[in-house]
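Q: Got a predicted structure plus its sequence, pasted below:
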Amino acid sequence: MTASAPTGANPLQALAGAQQSPWLDFIRRSFVEDGSLAALVHAGDIRGVTSNPAIFQKAIGDGTEYDAQMRALLAKSTPTPGALYERLAITDIQAAAKVLAPVYEQTQGTDGFVSLEVSPYLARDEHGTTQEAARLWADVAAPNLMVKIPATPQSIPAIRQSIAAGINVNVTLIFSLAAYRDVVEAWLTGLEELHAKGGNLSRVASVASFFVSRIDARIDSAIDQRTSAGDAQAAALATLRGKVAIANAKLAYAYWQDIMQSPRWKVLEAAGAQTQRLLWASTGTKDKAYSDVLYVDSLIGPQTVNTLPPATMDAFRDHGTVRETLTAGLDDARHILAETQRLGLDLDSVTDALLDEGVTAFEEAFDTLLASVAAKQAALMGDSLTGLKTSLPADLSAAVTQAQDDWRRNGTIRRLWAKDATVWTGGTEADWLNWLTIVDDRAANLAELEAFQTEVRARGFTQVLLMGMGGSSLGPEVLATTFGKHEGFGHLYILDSTDPQQVAATEKKLDIAHTLFIVASKSGSTLEPSIMLSYFHDLAKRTLGAQAGAHFVAITDPGSSLEKLAQAEGFWKIFHGDPKIGGRYSVLSNFGLVPAAAAGVPLHPFVADALRGVRLCDASVPPAVNRGVQLGLILGTAARLGRDKLTILATPEIADFGAWMEQLVAESTGKNGLGIIPIDNETPGSLRHYGADRLFVYLRLAPEHRHEQDEAIATLREAGQPVLTITLHNRRQIAQEFFHWEMATAVAGAVLGIHPFDQQDVEFSKIETRRLTEAYEKTGSLPPEAPFASFGPLSFFADPANAAATQGADAVAVLKAHFARVQPSDYVALLAYLPRNRDTQEWMQHTRLHLRDGLNCATAAEFGPRFLHSTGQAYKAGPNTGVFLQITADNAQDLPIPGTSLTFGLVESAQARGDFSVLAERERRIIRVHLHGSLKEGLAALATALHDAL
Ligand SMILES: O=C(CO)[C@@H](O)[C@H](O)[C@H](O)[C@H](O)COP(=O)(O)O
Ligand SMILES: O=C[C@H](O)COP(=O)(O)O
C-alpha cells in the first residue's frame, strides 16, 4: 500500500469530484503507528476506515504486533480474553480516529469516520446489540467513530435505538433491497425520535453498507453450475455473469434518491440531519477474470462511500476511472434483475443465505481471533496459570475435537454463561449458576472477610473446628490440608463424621476455651452438622458458660433453621451462602472463604488466583482453549465412550483436592443411570490392571518434584491410556483448579444430557436415616436385623437377593461369591462406616489395591457418612456397575447427642443401614460385613478373608 504523491489528482483523490468518499477496509497496529494511514489521509487518498471481525482477526490473531500492549495490560489486571481483545481493538480504532479527525473537522462532521463492529455473537440479539453499541460508543469516545451493526431482522430495532441515542451507525451486512428499506426506515425513525427529544441531528452520521461482490460470487457460481449441467438457458444466463451485484446496488441507490425527495426526509433535513450514505462494501473482486476495479468503477455517484481493501485501493489509484456510473443504466439494471428472476436465479434466497453466511463468517473469524488472544494471554501469563497437557487415544481425541467444534459453532459457552438451562435439560439449571459470578462478587466484597480474619487473629484462637458435610466440608478440608497452619492463626480441623471415635478423637485435639467453632450447612437442616453442633456447643457451654456463643460462627443460606439457632444462641458471626449455588459448587463462596479467613489463608491472593481461573473459562474463550470447557468436553465425551472411571492422582501436598473433585463430579453427573465415577487416590499399578474404562487426571504440584509419580504417569500415557496432566506452579493455584473443575463438571453434565445441579438420590439416604432415627427415638431400638452368615468376628448382612447370590460356607466363600460378580468395566467400592484415621485409611488403601490387582477393576475406598454427601449419589443413581462392600463395626466407645436420646454410634448405624437399603433397592450388588469386637482384629480377619477370596 502506498500513498500518492501530493501533486496531481490520482483516481482516488478525484473521487471527491464525484462526491464519493474512498474509505479503507483495513486496519492494523503497525499500519497506524508507522504513519502509513496518516500518509494516505494526508494525501487525500482515503477519507475513512472500516474494520470488521475478519480484519481484526488477521491483525491481532497472528504475529507479535500487539504483544507489548497485552503485556502491559496483563501486568495491571487479569481481563477476560474478550475484554483484552476489545482493549487492543479500541486502541487501534482510537488511533485511527485521531488520524482521521482533521477530515472529520474539515467536513463539519460528515466524513473522516472509523468503524468498529459490535460483537458478531450479538448479531441476532436486539438488546445485546443496543447495549454494546452504547458501550463501545462511550468507550471509544471519539465523535468520528461509527459503530457497526449488522442488518439482521433482530438488529434493526437496535439500529433505530442507537441512532435515536445520537450514536453514529454503520449498518453492515446489507445484501437485499428489502433489508436496505428496513435499514432506511430504522434510520429515519431513529432520527425522528432524536429530533422529538430535541437532540442535535447534524452530528449523527450513518452509512448503509451494501455488500456487492459476494452476490456476484454466489450468482455466478449458480450460473456456472447450470451451464455445466447443460441448462437450456445457458446463453441467457451467461449474460448475467458479473452483472447482478452492480444492478442490485444501483437499485438501492435509486431507492436512496427517492427517499431524499420524500417529505419525511425533508423535515429531518430542515432540522439539520445528515443523510445516511450508501457505502459499497465487499468491493474486492473475487473472480480474477473481472477487472480488479469493477466494484469501484461501476459504483461511483454523489453522496456515497466505497470501502476498499488495500489491493483494490492500490489498483484503483493506478488504473481506476472516475465517472458517475451509479446513476447510469438504471433500466439495464432493472432488466438484469428481471432476467435474474425469469431465469430462476432466486436472488432473495441468495441474499438471505449471504446474510446468514456473513454473520457466521464474522462469528467464525471472531472465534479464531479470540482463540488466538486467549492462547497468547495464557502464554504471556506463563506460570501464573496452571498448565494442562492432554494425551488422548485417537478415538477419544477425534470425538473431543468434534465436541469442541459443536460447542464453538453453537455458541454453547456463551449460552452457559448466559444461564440458558437448555444447555442441559431445560429444567431448573438456571437457578444454580451463581458459582459463575461468585468469585467476582467475593473479590468486590473482600473487606468483610478480611476484617473477620483480622478479628480472628486478634482473638488468638489456637484451633478452628469446621463442622459440615460434603460441599460444606470438602472444600475447607482441601484448604486445611493444602495450606497447613498459618502463623498467628489456629490449626483448622474438619469434622465430617458421625463416628463416635472420630468425634472423640477430634475433641481431644481441641482446647475448647480457645477454639473457634464454625458450623457450615447451606440448608441448615443436615443431620450431621446439626448433631455435631449440639455436641460441641454443649461442651463449649460447659467450658465457657454464657460466652460460648462468641466462639461460634455459622455459614448458612439466608433464613435457614441454622441461622435462627445461631441468632438465638448469640453466635459471634453469621455468614450467608448464596442460595443459587449448590453445596458442591460453593468452595469459592463464603463456604470456602470463611474457613480460609479463619485459618489465616491470605485472601486477596487466593481470590486473585480464583479469578484467573474464571477469566480463562470466560464466555469469550472458545472451547479448544477454554480450560474448564476443554476438561468438561473430555470428561463427558470419555464417559460416553465408556471411559467413565475418572481416576484422580495427585502429588501428596495437594492430594486432598481429589476428595473435593469426587463430590463435585459424582454428585453432579451420577444420575439417570449415567455418570462419571471418580476413583480417587488409587496408587498407580501395573498396566494390566487397567481396562478401557479409565480416564486419568494427574494433578501435580511442580515444586514437589515427584519424579517417580511423573514416571508412573508417563508409563500410562505411553501405553495409550488417556491422561490429563495438570501442573500447579504453587499451592495457591488450587483456587484456579476449583473453578476449572466446576466449569468442567457443568460441561460434562451437558455432554451427558443430565441436570448437574440436583442430587435427588443423596436425599433418599437422608430420608432413610431420618426414618430409622425417628423410629429409635420412639421405640428405643432400631428395627431388628439378622446376618445371613456369621463366621467368627465377621457377620454378613444383605437383602434377600444379594444374600442369595453370595451364600458360602465361610467368609472366604461369601466374599468370593460376591466379587465373582465383578464384570469388566465394573468398579468395586469399599464403604466403611469406621473412624477415619491413619490406621483405617491405610487398611482401606491396602485393601482396595489388593482388590484392584486381583479383579483388574477400578476401586474406591470411601468412609461413611462422608461419602453419602459425595460419591453416594453416583453409586445409587449412576451406572449400575458398582460392586459394594459395606463395612461396619462395633463401637468401642459411644457418645450421647445432647438434647436427644440418640448417640453418635446409633446415628452412624442408622446411616449405614439407610444407605444399604437404598443401594439394595436400586438393585446394586452389595453386602455388608460387620466386625465384632476389636476393630483391629476385625479388620485383620477381613483382610485375610479377602486375600484368600481373590
Ligand atoms: O465495514 C465494512 C462494511 O461497513 C467492511 O469492513 C465489510 O465488512 C467488508 O467490506 C466486507 O466484509 C468484505 O467483504 P468480502 O471482500 O469478504 O466479501
Ligand atoms: O454437599 C452438601 C451436603 O449434603 C451438606 O449439605 P448442607 O450444606 O445443606 O448441610
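A: That came through fine. Ligands and ions are numbered 1, 2, ... in the order given.
Q: give me phi/psi at Ile677?
A: Backbone geometry at Ile677, expressed as degrees, to the nearest 10, gives phi -100, psi 110.
Q: And for it, the neighbour number?
A: 27 (other CB atoms under 10 Å). Just so you know, the C-beta spots here come from the backbone N, C-alpha and C atoms, and that holds for glycine as well.
Q: is it true that it touches Ala860?
A: Yes - look at Ile677 against Ala860 with CB atoms under 8 Å: they come within range, at 7.5 Å.
Q: which neighbours do these two share?
A: Common neighbours of Ile677 and Ala860 are listed as 827, 871 (criterion: CB atoms under 8 Å, 6 or more residues apart in numbering).
Q: Outline the domain layout of the protein.
A: As recorded under automatic domain parsing, the domains making up the chain are 11-357, 383-418+619-752, 436-606, 760-949.
Q: The third one: end-to-end distance?
A: Pointing back at domain 436-606 there. Using CA to CA, to the nearest Å, the end-to-end distance of domain 436-606 comes out at 17 Å.
Q: Out of the domains of the chain, which gets nearest to Asp367?
A: Taking CB to CB, domain 383-418+619-752 is the member of those nearest to Asp367, at 4.9 Å.
Q: Can you give me the end-to-end span of that closest one?
A: Length of domain 383-418+619-752, first residue to last, CA to CA: 33 Å.
Q: Can you pull the residues of the chain lying near ligand 2?
A: For the chain, the contact set with ligand 2 under CB under 6 Å from any ligand atom comprises 469-472, 521-523, 526, 529, 583-584, 762, 869.
Q: Tell me which residues touch the residue in the stretch 451-600 of the chain that ligand 2 sits nearest to, please.
A: Per CB to the nearest ligand atom, Gly470 is where the stretch 451-600 of the chain lies closest to ligand 2, at 2.6 Å. Residues in contact with Gly470, defined by CB under 8 Å, 6+ apart, are 496, 583-584, 663, 667, 762, 866, 869-870.
Q: please redo it, this time with the cut-off set to 7 Å
A: Contact analysis of Gly470 by CB atoms under 7 Å, 6 or more residues apart in numbering lists 583-584, 663, 869-870.
Q: Include neighbour count when you put these into a markdown table, please.
A: Below are these laid out as a markdown table (neighbours: other CB atoms under 10 Å):
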| residue | neighbour count |
| --- | --- |
| Gly583 | 29 |
| Arg584 | 29 |
| Gln663 | 30 |
| His869 | 26 |
| Ser870 | 32 |
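Q: from the residues you listed, which single one is nearest Val296?
A: Each of the contacts of Gly470 was scored against Val296 by CB to CB, and Arg584 proved nearest at 61.3 Å.
Q: Confirm the closest one sits in a helix?
A: Yes - note on Arg584: a helix contains this position according to DSSP: H, G, I helix; E, B strand; the rest coil.
Q: Now do the nearest residue in space to it that is not next to it in sequence, the pLDDT please.
A: Once its chain neighbours are removed from consideration, Arg584 has its nearest residue in Gly471; the separation is 4.3 Å (CB to CB, 6 or more residues apart in numbering). Confidence per residue is given as pLDDT, and for Gly471 that number is 96.
Q: Just give me the neighbour total for Gly471.
A: Gly471: 28 surrounding residues under other CB under 10 Å.
Q: ok, it touching Gly583?
A: Yes - contact criterion CB atoms under 7 Å: Gly471 and Gly583 qualify, at 2.5 Å.
Q: where in the chain is pLDDT low?
A: Counting by pLDDT under 70, the chain shows low-confidence ranges at 1-8.
Q: And the residue in the stretch 751-900 of the chain positioned nearest to ligand 2, its phi and psi?
A: The nearest approach of the stretch 751-900 of the chain to ligand 2 comes at His869, 3.8 Å away (CB to the nearest ligand atom). Backbone geometry at His869, expressed as degrees, to the nearest 10, gives phi -100, psi 20.
Q: contacting residues for the residue in the stretch 751-900 of the chain positioned nearest to ligand 1?
A: In the stretch 751-900 of the chain, no residue comes nearer to ligand 1 than Val751, which is 34.7 Å away by CB to the nearest ligand atom. The contact partners of Val751, by CB under 7 Å, 6+ apart, come to 403, 633, 636-637, 640.
Q: any chance of those residues in a markdown table, with secondary structure too?
A: Formatted as a markdown table, the entries for the contacts of Val751 read as follows, by three-state DSSP:
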| residue | secondary structure |
| --- | --- |
| Ala403 | helix |
| Leu633 | helix |
| Gly636 | helix |
| Thr637 | helix |
| Arg640 | helix |
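Q: sec struct for the residue lying closest to Val587 once chain neighbours are set aside, please.
A: Among residues not flanking Val587 along the chain, Gly475 sits closest, at 3.1 Å (CB to CB, 6+ apart). Of the three states, Gly475 takes helix according to three-state DSSP.
Q: I figured Gly475 hits Leu593, correct?
A: No - taking CB under 7 Å as the definition, Gly475 is not a contact partner of Leu593, at 9.5 Å.
Q: neighbour count winner among those two?
A: With neighbours defined as other CB under 10 Å, Gly475 and Leu593 compare such that Gly475 has more, 33 against 30.
Q: Now do the buried residues in the longest helix seen in the chain.
A: Secondary structure of the chain per DSSP state H: the longest helix is helix 347-381. Within helix 347-381, the residues that qualify as buried are 347, 350-351, 354-355, 358-359, 361-378, 380-381, counting by 16 or more other CB atoms under 10 Å.
Q: Can you give me the distance of Leu73 to ligand 1?
A: Counting by CB to the nearest ligand atom, to the nearest Å, the gap from Leu73 to ligand 1 is 26 Å.
Q: Where does Ile336 fall, secondary structure wise?
A: Taking DSSP states H and E as the definition, Ile336 sits inside helix 330-342.
Q: can you list contacts of that helix?
A: Helix 330-342 has contacts (CB under 7 Å, 6+ apart) with 236, 240, 243-244, 247-248, 250-251, 254, 347.
Q: Tell me which of those residues fall in strands.
A: Among the contacts of helix 330-342, none falls in strands (DSSP state E).
Q: of all these, which two lie farthest apart?
A: When the contacts of helix 330-342 are compared pair by pair using CB to CB, the farthest-apart members prove to be Ala236 and Ala254, with a separation of 24.3 Å.
Q: out of these two, which sits in the more crowded spot?
A: Ala254 (16 against 13).
Q: just curious, which of the contacts of Val751 is nearest to ligand 2?
A: Using CB to the nearest ligand atom as the measure, the one of the contacts of Val751 that approaches ligand 2 most closely is Gly636, at 21.8 Å.
Q: can you tell me which residues contact that closest one?
A: Applying CB under 7 Å, 6+ apart, the residues near Gly636 are 747-748, 751-752.
Q: can you rerun that using 8 Å?
A: For Gly636, the contact set (CB under 8 Å, 6+ apart) comprises 403, 676, 747-752.
Q: on that earlier part again, elements contacting the longest helix of the chain?
A: If contacts are counted by 3 or more CB pairs under 8 Å, 6 or more residues apart in numbering; DSSP states H and E, helix 347-381 sits against helix 53-61, helix 67-76, helix 81-106, strand 145-150, strand 169-174, helix 177-196, helix 213-228, helix 330-342.
Q: Out of those, the one nearest Val614 is which?
A: Each of the helices and strands packed on helix 347-381 has some distance to Val614 by CB to CB; the shortest is helix 81-106, at 12.1 Å.
Q: what angle sits between the closest one and helix 67-76?
A: Direction vectors for helix 81-106 and helix 67-76, defined by axes from the mean of the first three to the mean of the last three CA atoms, to 10 degrees, enclose an angle of 120 degrees.
Q: Can you list the buried residues in helix 81-106?
A: Residues of helix 81-106 classed as buried: 81-97, 99-101, 103-104 (neighbour count, 16+ other CB under 10 Å).
Q: what's the offset of it from the middle of its chain?
A: Between the centre of helix 81-106 and the centre of its host chain there is 30 Å, according to CA atoms, centre = their mean, to the nearest Å.
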